[in-house]
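Q: test case, fold it:
(one chain, ligands or ions: 1)
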Amino acid sequence: MSKTVFITGTSSGLGKLTAIRFAQMGWNVAATMRTPEKETELTSYDNIKIFKLDVTKVDQIQTAVEQAIAAFGKIDVVINNAGIGTYGPLELATEDAIDWQFAVNTRGPINIIRKFLPHYRVNGGGMFINISSFMGITTAVPLGSLYNMSKFALEGLTEGLYYELRPFNIELRLIEQGGSSGNHFMKNIIWGKDENIKDYDDMMMKLQQFMESAETSGSLDDPQTIVDAIVAQATGESKEFRTVVGAAGNQLVALRNSMPIEEYLETMAKNLDLDQEEFIR
Ligand SMILES: NC(=O)c1ccc[n+]([C@@H]2O[C@H](COP(=O)([O-])OP(=O)(O)OC[C@H]3O[C@@H](n4cnc5c(N)ncnc54)[C@H](OP(=O)(O)O)[C@@H]3O)[C@@H](O)[C@H]2O)c1
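A: Residues are numbered from 1 along each chain as shown. The predicted structure is shown next:
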């Protein structure tokens, strides 16, 4: 019997590619998104069913989960993929932007996991694959504190749940991807800015340049390698709790693990060409 995967945020990027890959592998796919009426690509697969779901709306999640279970009988793997990136100085972020970053990247997976736990417990198990980032393990750029916070929290949530879910044969996985090419994530970044405060402008400009050059330099990962890592977990080919995908992510995590945090932060400031006087104490 075919297995079934339930994925959040399949309107674009990694979520869409993952939905297509699982469908091509013969899995049933419950592809969820905020605006199913706009979808034209996933609709061409017989084994993909699309459900409306905003990860911040608990009632909508309840309905989508019930509909997916009614359609496919049993869900084997849930992928918490939906995510947004808020960058900029914390001082300049709006209250709404701060809440929204947490609501989508952290509270969203909490909402989804809680709605699936009864189903998994009754069925004797299941798997949650949470899409994190190397920004969930360490810092990679300045002005990313809110995004860092959301993914660090996702990592803590996933690790913390291990103990209570293990008795029910419910497995947890984290995929820490770096920057990946060909998706919309960089374009969806929400920048905090205040025209009256110039003190952060230089750092903002450097971050923007750094991100733009990453997009054009070919240093970003092929998103299909991230899909490969997700599939390896879902199929049981890999049993790693954490999978860091891509050369850049693995280099950064190795660097972080090789030195004390003070030295790491100074090294990154140097690498990012930030003002040495201010960063190196
Ligand atoms: N791309 C990278 O470089 C990178 C690096 C590290 C980690 N990640 C992580 O990878 C995951 C996928 O990102 P991506 O790169 O594929 O970016 P993406 O193309 O922007 O995809 C993000 C998806 O999340 C959805 N989404 C946003 N808010 C939502 C909400 N409230 N409810 C449900 N869905 C929502 C978006 O749907 P809409 O079309 O409705 O907005 C979109 O389908 C994210 O968790 C991200 O943090 C990405």
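Q: residues contacting whichever residue of the stretch 51-200 of the chain sits closest to the ligand?
A: Each residue of the stretch 51-200 of the chain has a distance to the ligand, by CB to the nearest ligand atom, and the smallest belongs to residue 83, at 2.3 Å. C-beta here means a position set from N, CA and C on the backbone, and glycine is covered the same way. Residue 83 makes contacts with 9, 104, 105, 131, 150, 185, as judged by CB atoms under 8 Å, 6 or more residues apart in numbering.
Q: next, the buried residues of the helix or strand encompassing residue 157.
A: When secondary structure is defined using DSSP states H and E, the element that contains residue 157 is helix 145-165. For helix 145-165, the neighbour count (16 or more other CB atoms under 10 Å) marks 145-155, 157-158, 161, 165 as buried.
Q: so where's the chain uncertain?
A: Applying pLDDT under 70 to the chain flags the ranges 181-192, 275-281.
Q: close to the ligand: what parts of it are there?
A: Near the ligand, the residues belonging to the chain are 8-9, 11-15, 33-35, 54-56, 81-84, 104, 131, 133, 177, 179-180, 183-185, 188 when assessed by CB under 6 Å from any ligand atom.
Q: mark which of those are buried, thanks.
A: Buried members of the residues of the chain next to the ligand, scored by 16+ other CB under 10 Å, are 8-9, 11, 13-15, 33-34, 54-56, 81-84, 104, 131, 133, 177, 179-180, 183, 185.
Q: contacts only, for the spatially closest residue to residue 5 that is not a sequence neighbour.
A: If you skip the residues right next to it in sequence, residue 5 has residue 77 as its closest partner in space, 4.5 Å away by CB to CB, 6 or more residues apart in numbering. Listed by CB under 8 Å, 6+ apart, the contact partners of residue 77 are 3, 4, 5, 6, 126, 127, 128, 129, 234.
Q: likewise residue 8?
A: When contacts are counted by CB under 8 Å, 6+ apart, residue 8 is found next to 15, 32, 53, 55, 79, 80, 81, 82, 108, 112.
Q: what about it, distance to residue 31?
A: Residue 8 sits 9 Å away from residue 31, going by CB to CB, to the nearest Å.
Q: what do these two both touch?
A: With contacts defined as CB under 8 Å, 6+ apart, the residues adjacent to both residue 8 and residue 31 are residue 15.
Q: go through stretch 95-111 and flag the buried ones.
A: With burial defined by 16+ other CB under 10 Å, the residues of stretch 95-111 counted as buried are 97-98, 100-111.
Q: turn those residues into CSV, columns for secondary structure and distance to residue 222.
A: What follows is the buried residues of stretch 95-111, written out as CSV (DSSP: H, G, I helix; E, B strand; the rest coil; distance: CB to CB, whole Å):
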residue, secondary structure, distance to residue 222
97, helix, 30
98, helix, 33
100, helix, 29
101, helix, 27
102, helix, 30
103, helix, 30
104, helix, 25
105, helix, 23
106, helix, 27
107, helix, 30
108, helix, 26
109, helix, 25
110, helix, 30
111, helix, 31
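Q: between those, which sits nearest residue 67?
A: Checking the buried residues of stretch 95-111 against residue 67 by CB to CB gives residue 111 as the nearest, at 16.0 Å.
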